[in-house]
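Student: When you get a sec, could you give me coordinates for this:
(one chain, ligands or ions: 1)
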Amino acid sequence: MSAADTVTRTGAEDVAWDLTDVYKAPDDPALEADLDDARGMAGRFRERYAGRVASLEAAELEEAVEELERIHSTLTRAGAYAYMQFSTNTADPARGALLQRIQELGASLDAELVFFRLEWTELDDGRAGELLADERLSRYRHFLDALRRWRPYLLTEPEERILSETAVAGATAWGRLFQELVSALRVRLDGREVSLEEATSRLQRADREERRQAAEAITEALAPGLRTRAFVFNTILLDKSIEDRLRGYPSWIAARNLANETPDEAVEALVDAVVSRYDIPQRYYRLKARLLGLDRLAHYDRLAPVGLDHELVSWDDAVGTVLEAYNSFSPDAGRLVSEFFDGRWIDAPVRPDKLLGAYCMTRVPGVHPYVLLNYTGDRRAVLTVAHELGHGIHGYLSQDRGLFNAQTPLTLAETASVFGEALTFKLLLAGEHDRKRRLDLLVGRLDDAVATVYRQIAMNRFEDRVHGARRQEGELAPDRIAEIWTETQRDMLGDVDLAGYETWWSYVPHYVVSPGYVYAYAYGYLFSLAIFRKWEREGETLVEPYLELLRAGGSEAPERLATIVGLDVSDPAIWADGLEAVGDLLAEAEELADS
Ligand SMILES: [Zn+2]
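Tutor: Just a heads-up that it's a prediction; the model follows:
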């Protein structure tokens, strides 16, 4: 089906966003004025505060942070506009150039302003404690406090300078090399060469033979250069072990947990809880094999559609469903969601040269969030609309906190999106009485849950083992990495056939570019499901606390924010609760498949 067909069939073709709430046009003088403003403010900020942060009184410090936030907000708004412009037509060089120009300005202003963070972190605990206790600083207390969490691991100033300057020629450079090597991979399919992305997308095709061929071609494409990519990975592992040792981090994951404002024990509890329920993905993959008519699932069958539902959902129906779902939770939430539709804050259709996928631009200071979609009309696309609108209301409600307090850490960033999906899924399921279509709906939901929770934790187990092995055994041969990869994935996948899968670790950029990142997906998903379950049990009384949680944005650490909805993230029971929700869906799918 071509893009044009999809557009006419869904009725989303005219649903374009209206960016004039931000700037009238790319050549709007207000945009240039904002950039000039940001540049000027940054210069004056540096002149006024550089070398003086330690001597500021509470009121002056408050004023300084406010000014810093204003600079970042101005630039962020311009950057968001440029990015959204670019998203709807990536082939237009002028749009690309504007985005690039603002990004470069951002990098140079960051360098100019970094002194503030450094000087504040260097301030001794006694003085910082006094300042943070001052009421006049209450608005930025968490922001300032959170900046200082790195302090115990900081080295002396000259050491820090050497590390940060040499990183550009170290881990950063190796990371880029890895990404370039992966981007350059070509997969031979149907007598021509395609990108890895195109090849992996074929793993979602309905025809098993096409999936098998794609998988074989990918395995073949990963063979050349494997030793080089393994060497790059080894170097990153070594570099990280050196830096962790110098800074005194107790484990390979400690720095990542600190960035996520999450205690090590909480992450361990999450991982243990998910691993202890590996029976769920294993049962799911057995069910999926049955639905596909196979004795045993191969790794390339995991994302195959079961093909029980082919009806398209029109855009209007999708809007109706999503609105009804949010309204069923709270009329306030429903009203907010309808503002996105009525105010033209959404760009919905599939168009040539538009960025793929979907996102919500939550950081448009002083305006409101926008949502970009590629609405195709399959039922999963309805859940994507609900997902992005969840981000939308989260961003909208927390916006009043200001840029520095609005953004949540990674682990809570998916709270409202997963919640909105769960609401919409519940509604869709309740209205679906046809056995096959109901089963199809459940399978789609389980595909997402397994990929977000179990796959990410199995990937975390791989990282954990591989970092440990590099520290104990020295350089790891490609075969040794493959062994660890296969073992950790088999633990979760059970009897799925993994032949040919041994080298598939070697194209995942996360492992090289952001070590430890992946568990946050599982954290966010299960955290949100735990709130959803609580709402299902307690009803109405949870609505206001939930909206309060969204309004709070990132103004506190995750464990404090969780208490707003009465959850304790240090209690493993909350992970078990979310996992049980997934298990319930699976049980129903199994029952439907039997009947
Ligand atoms: Zn999301």
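
Student: Break down the stretch 351-500 of the chain into its helices, ranges please.
Tutor: In the stretch 351-500 of the chain, the segments counted as helices under DSSP state H, counting those that start in this stretch are 379-398, 403-406, 415-430, 435-449, 455-473, 478-493.

Student: which one of those helices lies closest to residue 221?
Tutor: Residue 221 sits nearest to helix 478-493 of all these, at 15.2 Å, using C-beta to C-beta. Quick note: C-beta positions are derived from backbone N, CA and C, even for glycine.

Student: Can you report how many residues lie near residue 427?
Tutor: 19 (other C-beta atoms under 10 Å).

Student: where along the stretch 51-200 of the chain do the strands fall?
Tutor: Remark: strands assigned in the stretch 51-200 of the chain by DSSP state E, counting those that start in this stretch are 186-189, 192-195.

Student: Just the CA trace of stretch 378-389, in CSV.
Tutor: Provided in CSV are the C-alpha atoms of stretch 378-389 (Å, rounded to 0.1, in the frame of the first residue of the first chain):
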residue,chain,number,x,y,z
ASP,A,378,-4.2,-0.1,11.9
ARG,A,379,-5.4,-0.7,15.4
ARG,A,380,-2.0,-0.3,16.8
ALA,A,381,-1.9,3.2,15.4
VAL,A,382,-4.8,4.1,17.6
LEU,A,383,-2.8,3.2,20.6
THR,A,384,0.1,5.3,19.3
VAL,A,385,-2.3,8.3,19.2
ALA,A,386,-3.2,7.6,22.8
HIS,A,387,0.5,7.2,23.7
GLU,A,388,1.6,10.5,22.3
LEU,A,389,-1.3,12.4,23.7
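
Student: tell me the average confidence for the stretch of helix or strand residue 212 belongs to?
Tutor: Per DSSP states H and E, residue 212 falls inside helix 208-222. Per-residue pLDDT values over helix 208-222 give a mean of 96.

Student: Now do the buried residues in that helix.
Tutor: Buried residues in helix 208-222, counted by 16 or more other C-beta atoms under 10 Å: 210, 211, 213, 214, 215, 217, 218, 219, 221, 222.

Student: ok, back up a step: select, out of the helices of the stretch 351-500 of the chain, the one closest to residue 517.
Tutor: Here helix 455-473 is closest among the helices of the stretch 351-500 of the chain (C-beta to C-beta), at 9.0 Å.

Student: backbone phi and psi for residue 501, please?
Tutor: For residue 501, the backbone dihedrals (degrees, to the nearest 10) come out as phi -90, psi -10.

Student: pLDDT score assigned to it?
Tutor: At residue 501, pLDDT is 97.

Student: what does residue 7 give?
Tutor: Taking residue 7 on its own, its pLDDT is 42.

Student: ok, now the one 3 residues further on?
Tutor: Confidence at residue 10, expressed as pLDDT, is 86.

Student: Tell me how far it lies from residue 384.
Tutor: Counting by C-beta to C-beta, to the nearest Å, the gap between residue 10 and residue 384 amounts to 13 Å.

Student: got it, and residue 562?
Tutor: Distance from residue 562 to residue 384, by C-beta to C-beta: 26 Å.

Student: could you dump stretch 156-166 to CSV, C-alpha only?
Tutor: Taking C-alpha atoms only, stretch 156-166 is exported to CSV below (Å, rounded to 0.1, in the frame of the first residue of the first chain):
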residue,chain,number,x,y,z
THR,A,156,40.1,17.4,41.1
GLU,A,157,39.6,20.3,38.6
PRO,A,158,42.7,19.5,36.4
GLU,A,159,41.7,15.8,36.3
GLU,A,160,38.2,16.7,35.3
ARG,A,161,39.5,18.9,32.6
ILE,A,162,41.7,16.2,31.2
LEU,A,163,38.9,13.6,31.3
SER,A,164,36.4,15.9,29.6
GLU,A,165,38.9,17.1,26.9
THR,A,166,40.2,13.6,26.1
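
Student: In this structure residue 517 contacts residue 510, no?
Tutor: Yes - between residue 517 and residue 510 a contact is recorded at 5.2 Å, counting by C-beta atoms under 8 Å.

Student: pLDDT weak spots in this protein?
Tutor: 1-8 (pLDDT under 70).

Student: How about residues contacting the helix holding residue 212?
Tutor: Helix 208-222 has contacts (C-beta atoms under 8 Å, 6 or more residues apart in numbering) with 185-189, 196, 199-200, 202-203, 205, 292, 294, 298-301, 304, 500-501, 503-504, 506-507.

Student: For that helix, what is the distance to the chain centroid?
Tutor: 28 Å (C-alpha atoms, centre = their mean, to the nearest Å).

Student: Kindly report the same for stretch 547-563.
Tutor: Counting by C-alpha atoms, centre = their mean, stretch 547-563 comes out at 18 Å from the chain centroid.
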